[in-house]
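Trainee: got a structure for you, letters missing:
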Ligand SMILES: Nc1ncnc2c1ncn2[C@@H]1O[C@H](COP(=O)(O)OP(=O)(O)OP(=O)(O)O)[C@@H](O)[C@H]1O
């Protein structure tokens with residue numbers, strides 16, 4: 001297939017990679033290049049096209065490999081693969097890169113309140129370390145005195161801001177935000193449908209009909225077109241014979257060219273969009289995460305104190321068995337929470353925090369007095385049974401009056417729901433308490 005490679009993309013990567021193989025006088029070159037942007041816009045795909053075009057050797061790591069039950073494994077893996085890439089340059093005499101896909105999936109949990117693991121820290125530190133000393137990357141247990149080849153590291157991710165901030169500073173990481181413009185999209189979609197004989201007007205119409213869809217969507221539309229024939233095939237051979245007909249067979253089924261008319265493509269595209277909307281409306285993923293989150297935290301949805309705060313237990317101890325790789329240091333994985341800045345109450349309305357029950361106000365004061373942060377969660381009566389709490393506002397204010405006002409507003413916004421107050425230790429990013437402060441009237 002004739003894939004489209006965006007000139008902007010090619011230029012950015014080509015310059016970054018080449019620069020890292022040159023010795024420029026008195027120029028400090030960042031080793032890392034972070035390609036970021038919306039999911040499914042073809043970041044990885046475009047990178048692979050660049051490597052192919054430039055004949056560059058690639059050593060891969062995926063974000064998923066950056067987590068492991070054993071602390072230190074992913075950091076070791078990065079060093080190992082980096083050295084492997086350096087060795088490829090030496091042996092093959094070609095440029096090589098270390099490509100880390102979806103870095104934020106594996107190492108991107110360095111935001112204010114969510115959990116992070118020992119491995120997350122180690123991965124971020126290892127990458128910083130390599131960026132600072134790219135020709136001296138050692139494996140644990142051995143020391144190689146010889147300098148190794150400097151190898152640029154390209155990483156893709158949706159949200160680089162979730163990485164440890166010093167890792168992405170300009171001296172270490174060059175950044176490239178990839179958002180294909182209309183011309184890029186027409187070029188890419190034209191490449192996807194090249195074998196199907198669509199005219200350039202059809203391609204333009206398809207792209208312009210779905211302007212907010214990621215590139216991935218158009219690939220999915222093409223794949224859907226074959227569904228009808230596959231369904232016919234299944235019925236023609238019979239459900240019980242499908243396996244035999246497609247696996248280990250000398251005569252695999254062949255399919256005639258499906259209907260790639262523009263009207264059919266638009267119809268399939270509309271269907272996919274409707275399905276997406278349904279997912280969005282149902283917020284299935286959101287709920288699923290909440291259930292996991294709540295299930296891992298407190299088996300009883302009665303919201304009684306989460307656990308007594310024990311500073312010794314809260315402090316992460318990498319040497320202890322429980323301080324291993326992926327044991328989250330926060331016992332409850334927390335989805336990213338929104339910060340809530342309370343707007344001032346309207347004139348002549350009662351001050352909201354004055355309406356807080358005294359015990360809740362005491363609780364707020366008590367948490368803030370210990371230097372903890374406050375957050376809120378709410379859940380309706382039905383979802384309470386499944387412990388599927390939703391994040392409410394995170395309260396950035398440290399003064400009791402403002403914080404109480406946010407709590408009071410949340411209580412009135414969710415008057416028919418359960419609301420719970422959460423105390424978070426900002427240093428360890430652990431929840432130190434949870435308590436239900438409102439129950440719906442029955
Ligand atoms: N230039 C292209 N030509 C043809 N197909 C493409 C092109 N770019 C992307 N695609 C299609 O879009 C899909 C998604 O691309 P890719 O996985 O590179 O996106 P991504 O931005 O890295 O996504 P994520 O952020 O979710 O990892 C690919 O599997 C491919 O089908």
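Mentor: Perfect, thanks for sending it. As the structure is a computational prediction, the values presented were derived from the model and not from experiment. Numbering: from 1, shown residues only.
Trainee: use CA for all of it now, contacts and neighbours both
Mentor: Fine.
Trainee: what ranges do the helices span in the stretch 301-442 of the chain?
Mentor: Secondary structure of the stretch 301-442 of the chain by DSSP state H, counting those that start in this stretch: the helices cover 311-314, 358-369, 381-384, 400-413.
Trainee: ok, the stretch 51-200 of the chain next?
Mentor: Under DSSP H, counting those that start in this stretch, the stretch 51-200 of the chain gives helices at 73-92, 103-107, 118-132, 182-192, 200-209.
Trainee: report pLDDT for the closest residue to the ligand within the stretch 151-300 of the chain.
Mentor: Residue nearest to the ligand within the stretch 151-300 of the chain (Cα to the nearest ligand atom): residue 216, separated by 3.6 Å. Predicted confidence (pLDDT) for residue 216: 93.
Trainee: not counting sequence-adjacent ones, nearest residue to it?
Mentor: Distances taken as Cα to Cα, 6 or more residues apart in numbering put residue 40 closest to residue 216, at 4.9 Å, once the chain neighbours are dropped.
Trainee: that neighbour: what secondary structure?
Mentor: coil (DSSP: H, G, I helix; E, B strand; the rest coil).
Trainee: residue numbers of the protein in contact with the ligand?
Mentor: Applying Cα under 6 Å from any ligand atom, we find that the chain lies next to the ligand at 3-5, 38-46, 102, 157-158, 188, 191-192, 215-216, 219.
Trainee: which residue packs closest to the spatially most central residue of the chain, ignoring adjacent ones?
Mentor: Centroid check for the chain by Cα atoms, centre = their mean gives residue 105 as the closest residue, at 4.5 Å. Of all residues not flanking residue 105 in the chain, residue 63 sits nearest, at 5.4 Å (Cα to Cα, 6+ apart).
Trainee: what does residue 383 give?
Mentor: In space, residue 383 is closest to residue 389, 7.5 Å off (Cα to Cα, 6+ apart).
Trainee: distance of that neighbour from residue 379?
Mentor: 5 Å (Cα to Cα, to the nearest Å).
Trainee: which of these two has more neighbours?
Mentor: residue 389 (25 against 22; other Cα atoms under 10 Å).
Trainee: thought that one was touching residue 381?
Mentor: No - with contact defined as Cα atoms under 8 Å, residue 389 and residue 381 do not form a contacting pair (10.5 Å).
Trainee: Serialize the helices of the stretch 301-442 of the chain to TSV and add fields for mean pLDDT.
Mentor: Shown next, in TSV, are the helices of the stretch 301-442 of the chain (pLDDT from 0 to 100):
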stretch	mean pLDDT
helix 311-314	35
helix 358-369	88
helix 381-384	78
helix 400-413	89
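Trainee: quick one: closest of the ones you listed to residue 140.
Mentor: helix 311-314 (28.7 Å; Cα to Cα).
Trainee: which of the helices of the stretch 301-442 of the chain sits most buried?
Mentor: Comparing the helices of the stretch 301-442 of the chain by mean neighbour count (mean count of other Cα atoms under 10 Å), helix 400-413 comes out on top with a mean of 20.
Trainee: give me the angle between that helix and helix 358-369.
Mentor: Counting by axes from the mean of the first three to the mean of the last three Cα atoms, to 10 degrees, helix 400-413 lies at 130 degrees to helix 358-369.
Trainee: if you count contacts, what does helix 400-413 end up packed against?
Mentor: Using 3 or more Cα pairs under 8 Å, 6 or more residues apart in numbering; DSSP states H and E as the contact definition, the elements that helix 400-413 packs against are helix 358-369, strand 373-379, strand 390-395.
Trainee: could you redo the last one with a cut-off of 6 Å?
Mentor: Using 3 or more Cα pairs under 6 Å, 6 or more residues apart in numbering; DSSP states H and E, no helix or strand is in contact with helix 400-413.
Trainee: number of residues surrounding the closest residue to residue 206 other than its chain neighbours?
Mentor: Excluding its sequence neighbours, the residue lying closest to residue 206 (Cα to Cα, 6+ apart) is residue 266, at 6.8 Å. Using other Cα under 10 Å, residue 266 has 18 neighbouring residues.
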